[in-house]
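Enquirer: The following block contains a protein sequence and its predicted model.
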Amino acid sequence: MKWFTDYTLVEFPKLGWDFNVYENLVEFTLPGWDIDITIKFYGVIIAFGFTLAVLFGGRMAYKWKMSIDKMLDVLIYGTFGGIIGARLYYVAFEWDSYKDDLLSVFKIWEGGLAIYGGIIGAFIAAYFVCKKVDLNFYKLLDLAGMSLLIGQGIGRWGNFTNQEAFGINTDSIFGMTSEKISDYISSHYSTLTANGISMDSTLPVHPTFLYESIWCLFGFVVLYIVCKKFRKFDGQLILGYGIIYGIERFFVEGLRTDSLYIGDTGLRVSQVLSLTIVVFCATLTIIRLVQINKGNVDKVKEYKEKNNV
């Protein structure tokens, strides 16, 4: 059994920081089976973020008097729906990489999952399960919105251990560099250039995982405050999630080097989708709040008329 293997030296030159980042937590062989098992920090961090998100969601569900048994049904099917959605979304926009080897579509352990596809898949699965078990879908989405920000805020550190999902070159104080990043830039130079991205493998890059992690955890705090003090209707928090995450993803996606593109248009899928989600969620939120405010005004007016106030 070997602990902490396959590391890379990560440096933040302007901050004067450098340290070894391990990709694998432990490697061992199953006794009697002669099967080598590797547990990566990426998976551990994702699992940790997922666990905290579930625990928070369960706690809030208890406070809102929602059935925990029904919530577990949604969680199980939603997880499967999320994985399937994340894979299909990625494959759809990277079809040229899979069309000649269809079996590779099922090899999710080799990477290739997209967060937006996961969210869409999970929500679709959750909708049908909620209808079947008679659970308030919009209230469930409010829990999901806050929980997702916890999971995403923590899970992005998994990208750090893999030294992936980083951004373009930068001279900012947060610029980051490592051998894995340099190797990626060198091996993907032609693809990056074709997408209009000019990169130098010797220069630091934006740590986009860090930007997204900080923003998501900040977004969670904002939504939690809204939940406690300003929540007016079921579905308000998931709309808030769409606005908060959509704004962040739109700007961060513009810095990344591994974006999915819409054909040869040069348009990044996540940026187009993020902008659409922000506009859609903001519009629905405004409309719903105006309706509620108008309803309150009408009630006050009716009360005054009945009581001659």
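Expert: That came through, no problem.

Enquirer: Could you give the number of residues near the residue nearest to residue 45 when sequence neighbours are not counted?
Expert: Nearest residue to residue 45, sequence neighbours excluded (Cβ to Cβ, 6 or more residues apart in numbering): residue 158, at 4.0 Å. Where you see a C-beta, it was placed from the backbone N, CA and C, and this is true even at glycine. The burial count assigned to residue 158 is 21, neighbours taken as other Cβ atoms under 10 Å.

Enquirer: Next, the contact list for residue 158, please.
Expert: Residues in contact with residue 158 (Cβ atoms under 8 Å, 6 or more residues apart in numbering) are 41, 42, 43, 45, 46, 49.

Enquirer: ranges for the helices of the protein?
Expert: Assigned by DSSP state H, the helices in the chain fall at 41-63, 68-93, 115-133, 137-162, 179-187, 189-194, 208-229, 236-253, 269-306.

Enquirer: The second one: which residues count as buried?
Expert: This points to helix 68-93. Buried residues in helix 68-93, counted by 16 or more other Cβ atoms under 10 Å: 70-71, 73-75, 77-79, 81-91, 93.

Enquirer: which residues sit in contact with residue 89?
Expert: 114, 116, 117, 118, 120, 121.

Enquirer: With pLDDT and distance to residue 223 added, can I get these in CSV?
Expert: Below are the contacts of residue 89 laid out as CSV (pLDDT from 0 to 100; distance: Cβ to Cβ, whole Å):
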residue, pLDDT, distance to residue 223
114, 81, 23
116, 83, 19
117, 89, 22
118, 89, 19
120, 91, 20
121, 93, 22
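
Enquirer: follow-up on the earlier one: highest neighbour count among the contacts of residue 158?
Expert: Ranked by the number of neighbours (other Cβ under 10 Å), the contacts of residue 158 place residue 49 first, at 23 neighbours.

Enquirer: What's the local residue count around the closest residue to that residue other than its chain neighbours?
Expert: Spatial nearest neighbour of residue 49, chain neighbours left out: residue 154 (3.3 Å); criterion: Cβ to Cβ, 6+ apart. As a burial measure, residue 154 scores 21 neighbours (other Cβ under 10 Å).

Enquirer: coming back round to it: can I get the helices of the chain in JSON lines with distance to residue 8?
Expert: Shown next, in JSON lines, are the helices of the chain (distance: least, Cβ to Cβ, whole Å):
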{"stretch": "helix 41-63", "distance to residue 8": "12"}
{"stretch": "helix 68-93", "distance to residue 8": "25"}
{"stretch": "helix 115-133", "distance to residue 8": "24"}
{"stretch": "helix 137-162", "distance to residue 8": "9"}
{"stretch": "helix 179-187", "distance to residue 8": "5"}
{"stretch": "helix 189-194", "distance to residue 8": "20"}
{"stretch": "helix 208-229", "distance to residue 8": "14"}
{"stretch": "helix 236-253", "distance to residue 8": "22"}
{"stretch": "helix 269-306", "distance to residue 8": "26"}
